[in-house]
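*Asks:* compute the structure for the input listed below.
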Amino acid sequence: DEVGVAPYQYLLRVRVARATELLEGGRASVTEAAFGAGFGDLGRFARTYKRHTGRLPTEVLRAARSA
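*Replies:* Take a look at the predicted model:
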């Protein structure tokens, strides 16, 4: 009730935000970002990340490394 979403959805948002920080830093691989954010399955991570951000994790990492 405090944040307006179900607990699991809140957890996913936090994990995606952490993964984004790792990816935008440009030093972590997609695998490292996924595991570092608490995801145990890369396929699920990629689908969840795309659903929440509209971008694939590889796109975010590629943009960070080219900047």
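
*Asks:* G36 is in contact with A28, isn't it?
*Replies:* Yes: using Cβ atoms under 8 Å, G36 is in contact with A28, at 6.5 Å. For every residue, glycine as well, the C-beta is placed using N, CA and C.

*Asks:* find residues that contact each of these two.
*Replies:* Residues touching both G36 and A28 (Cβ atoms under 8 Å, 6 or more residues apart in numbering) are L22.

*Asks:* between the two, which is the more surrounded one?
*Replies:* Neighbour count, other Cβ atoms under 10 Å: between G36 and A28, A28 has more, with 19 against 16.

*Asks:* phi, psi for that one please.
*Replies:* Phi and psi for A28, reported as degrees, to the nearest 10, are phi -90, psi 140.

*Asks:* excluding chain neighbours, what is closest to it?
*Replies:* Take A28 and drop its neighbours on the chain: the residue closest to it by Cβ to Cβ, 6 or more residues apart in numbering is L22, 4.2 Å away.
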